[in-house]
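Colleague: I'll drop the sequence and a predicted model, then ask my questions.
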Amino acid sequence: MDREAPLYERDPVAWKVHLAEGNAKQARKRVGADVLIRDEQGRILLVDPKYKPDWDLPGGMVEANESPAAAAQREIKEELGLDLEIGRLLVVDWVSPHGPWDDSLMLIFDGGVLSSQQAASVHLVDDELVGFRFQDDHQAAQLLRPYVWRRAQTALKALSSDGFRYLEDAT
């Protein structure tokens, strides 16, 4: 039985036009990459951004054509002076449109456990942050917005499995 060659083999120019059209018309998602970093006592590293009303997990928005893991690593270095190897993906949270923002994907990666020496080396590098602290679960729940805390809790649970967790609006 003869099968037709795929479009990209039959007509490479048409294939590129097709891809360009899809790229121009299909939705583009904003992507955020946060990192779950703990100290030897199991406390979570939180940051206090100037531009947000509440504390947050360290990380930030992915730039055009940047991988989420690379963005997470870049943000941690730029904001806290930490040169961390970013671990596995723990959470993907689809966030529905809200206010002026379209929908987005928020990811949480494992940043591991910092030694006491590494934890002591954390410092503010970027003026986007007012402060940082390691907090236990109870304190983190008080400082983080409820949906960010639900995301963080889910990431903590994912640490004990081999997979990641998928959420929609942090549930």
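Modeller: Right, received. Where do you want to start? If you're wondering where the values come from, they're calculated on a predicted model, not measured in any experiment. Numbers count the residues shown, from 1 in each chain.
Colleague: residue closest to the middle of this protein?
Modeller: residue 33 (1.7 Å; Cα atoms, centre = their mean).
Colleague: does that one really touch residue 68, like I thought?
Modeller: Yes. Here residue 33 reaches residue 68: they are 4.2 Å apart, a contact under Cβ atoms under 8 Å. Every C-beta, even on glycine, is put in place using the N, C-alpha and C of the backbone.
Colleague: below-threshold pLDDT in this protein: ranges please.
Modeller: Within the chain, the set of residues satisfying pLDDT under 70 comprises 1-3, 5-8.
Colleague: ranges for the strands of it?
Modeller: Secondary structure of the chain (DSSP state E): strands located at 30-38, 44-49, 59-61, 89-95, 104-113, 129-135, 165-168.
Colleague: related to what we said a few turns ago, which residues do residue 33 and residue 68 both contact?
Modeller: Overlap of the contact sets of residue 33 and residue 68 (by Cβ atoms under 8 Å, 6 or more residues apart in numbering) consists of 62, 107, 109.
Colleague: the second one: how many residues sit nearby?
Modeller: The local packing of residue 107 (other Cβ atoms under 10 Å) involves 23 other residues.
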